[in-house]
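Chemist: sharing a model prediction with you, sequence too.
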Amino acid sequence: HALRGYRYDSFNKDALFRLGKPYDRRLVVPGQPGYKLLVLPGAHRMDPGGNQLSEKTTLFANALSENGLAILNNSPNTKLNHSILVHNGPWKKADLTTLGIVPDFLADEKGKPATGIAWNHRRLSGSDIYFISNQQPKHRMLNFSFRVKGMQPDLWNPLTGKVTAINNWSTSGEHTFVPLPMNEGEALFIIFSRAGNPVYTSRLPGSPEKADMIILNDNWKIQFDTAYGGPVKPLLSNALKSWTESANDSVRYYSGTAVYSNIIKVNRKVVKAGRVLLFIDSLYNIAEITINGKPFGTIWTYPFQLDISGALKRGNNSIEIAVSNTWHNRLIGDQKLPADKRRTWTTAPFRLQGKALEPAGITGMVKILVIDK
């Protein structure tokens, strides 16, 4: 796939003529660092001119190539001025290296191109910033290649704002190589903003050595919202499961917010601990945490973890987890009811036909990790 490892934008002739300007062998437009290649399409099925590029487009493309921009011309009936920078399509090579454009970003997994990876790249104030997202619901070990050299890669966690120097990286030619594990659905930033030399180490981040685990499995009270069709009485549970496993339709098809509440008793050691983290095994889809009446943060993505240091006091502490899911299950449930009993309405109910219910609420365990100073 010739475009693997590159980012591109598509725009019409109006945007090209109004916004595009040649600069330093690039096509630049406001808000973008510049493009190294302009691809002219070969199919114009909605254009009365057919495959013939307009005179204005041809003149503009010629001016760009004369200023050093590479052009791939896929229009068989249009000839641009002879230039080593003008190439006639279709392009059949694996990438654009022969045009002097090496891949910007590559991700491999187990020696093969990784799928389900979203990414983007921006330059800002001398820094190269890469956004990477694991689009698959599983933990993965990935090897990344960045079109950057002579710079130290740092990992920026968008959930906590913490910046960490990456321990394992290497360089070769125009690229920097970084192996990184990614959790399911995880997103992160890799930032190159300072000079550095490759670092080789076998040290990988791990769990703190001195830590105690408190498991909150018992005595959960779950209060649903009756305005959204939930049951009036709260559910009492010692095992947290998806709402869709309930035999009660007002829970099974519930969409909205339900509040999980519990009481935890802690001792002086927990209160004086260096860090206290709240973990939820699995969450569908977003939760707001309140401890002793004080809002403490929001969790919406793996590893479903929140730093609650300083929130607990010696003795009894109240914990509330307000969990909200999507409208998916309520829409499916409403299709089984008479029209006058439904709480939702959609113009496209056929899109839900045959669809399974999606997990909802908290599943698994709620845990508190107490880390010594």
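Modeler: Received the coordinates, thanks.
Chemist: what about the longest helix belonging to the chain, distance to the chain center?
Modeler: In terms of residue count, the longest helix belonging to the chain (DSSP state H) is helix 55-66. Computed by C-alpha atoms, centre = their mean, to the nearest Å, the chain-centroid distance of helix 55-66 equals 38 Å.
Chemist: other SSEs contacting that helix?
Modeler: helix 13-19, strand 37-40, strand 70-73 (3 or more C-beta pairs under 8 Å, 6 or more residues apart in numbering; DSSP states H and E). Placement of C-beta: from N, CA and C, glycine included.
Chemist: CSV for the ones you listed, including mean pLDDT?
Modeler: Formatted as CSV, the helices and strands packed on helix 55-66 follow (pLDDT from 0 to 100):
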stretch, mean pLDDT
helix 13-19, 88
strand 37-40, 88
strand 70-73, 86
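Chemist: pick the most deeply packed of those.
Modeler: strand 70-73 (a mean of 21; mean count of other C-beta atoms under 10 Å).
Chemist: packing partners of the helix or strand following that one?
Modeler: Sequence order places strand 86-88 as the next helix or strand after strand 70-73, per DSSP states H and E. Secondary-structure packing of strand 86-88 (3+ C-beta pairs under 8 Å, 6+ apart): strand 70-73.
Chemist: check contacts around residue 308.
Modeler: Residues in contact with residue 308 (C-beta atoms under 8 Å, 6 or more residues apart in numbering) are 276-278, 289, 291, 296-297, 368.
Chemist: again, only using 10 Å
Modeler: By C-beta atoms under 10 Å, 6 or more residues apart in numbering, the contact set of residue 308 is 275-278, 289, 291, 296-297, 317, 319, 368-369.
Chemist: just the closest of these to residue 123, please.
Modeler: Taking C-beta to C-beta as the measure, residue 123 lies nearest residue 297 of the contacts of residue 308, at 32.0 Å.
Chemist: how much space between residue 88 and residue 40?
Modeler: When distance is defined by C-beta to C-beta, to the nearest Å, residue 88 is 10 Å away from residue 40.
Chemist: anything in contact with each of the two?
Modeler: Joint contacts of residue 88 and residue 40 (C-beta under 10 Å, 6+ apart) are 71-75, 78, 80.
Chemist: what's the closest of the residues you listed to residue 184?
Modeler: Checking the shared contacts of residue 88 and residue 40 one by one against residue 184 (C-beta to C-beta), the nearest turns out to be residue 72, at 37.7 Å.
Chemist: which strand residues bridge the closest one?
Modeler: residue 39, residue 87 (DSSP bridges).
Chemist: so who does it touch?
Modeler: 2, 37-42, 85-91, 96, 99.
Chemist: write the PyMOL selection for whichever of those are buried.
Modeler: Buried residues among the contacts of residue 72 (16 or more other C-beta atoms under 10 Å), as a PyMOL selection:
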select buried, resi 37+38+39+40+42+85+86+87+91+96+99
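Chemist: if I look at the residue lying closest to residue 28 once chain neighbours are set aside, how far off is residue 193?
Modeler: Sequence neighbours aside, residue 34 is the residue nearest to residue 28 in space, at 4.3 Å (criterion: C-beta to C-beta, 6 or more residues apart in numbering). Distance, residue 34 to residue 193, by C-beta to C-beta: 20 Å.
Chemist: ok, now residue 285?
Modeler: 34 Å.
Chemist: how many other residues sit next to the residue lying closest to residue 250 once chain neighbours are set aside?
Modeler: Using C-beta to C-beta, 6+ apart and skipping the chain neighbours, the partner closest in space to residue 250 is residue 231 (4.8 Å). As a burial measure, residue 231 scores 18 neighbours (other C-beta atoms under 10 Å).
Chemist: and residue 231, which of the three is it?
Modeler: With DSSP: H, G, I helix; E, B strand; the rest coil as the basis, residue 231 sits in coil.
Chemist: show the contacting residues for it.
Modeler: Counting by C-beta under 10 Å, 6+ apart, residue 231 touches 222-225, 246, 248-251, 254, 258.
Chemist: just the pLDDT for it.
Modeler: pLDDT for residue 231: 95.
Chemist: ok, residue 273 next?
Modeler: As predicted, residue 273 sits at a pLDDT of 83.
Chemist: over to the one 4 residues further on?
Modeler: The confidence metric pLDDT takes the value 91 at residue 277.
Chemist: ok, residue 206 next?
Modeler: Note on residue 206: pLDDT of 45.
Chemist: what's the first helix or strand after the helix or strand of the chain with the lowest mean pLDDT?
Modeler: Of all helical and strand segments in the chain, the minimum by mean pLDDT, DSSP states H and E falls on strand 86-88, at a mean of 81. Next along the chain after strand 86-88, taking DSSP H and E as the criterion, comes strand 105-109.
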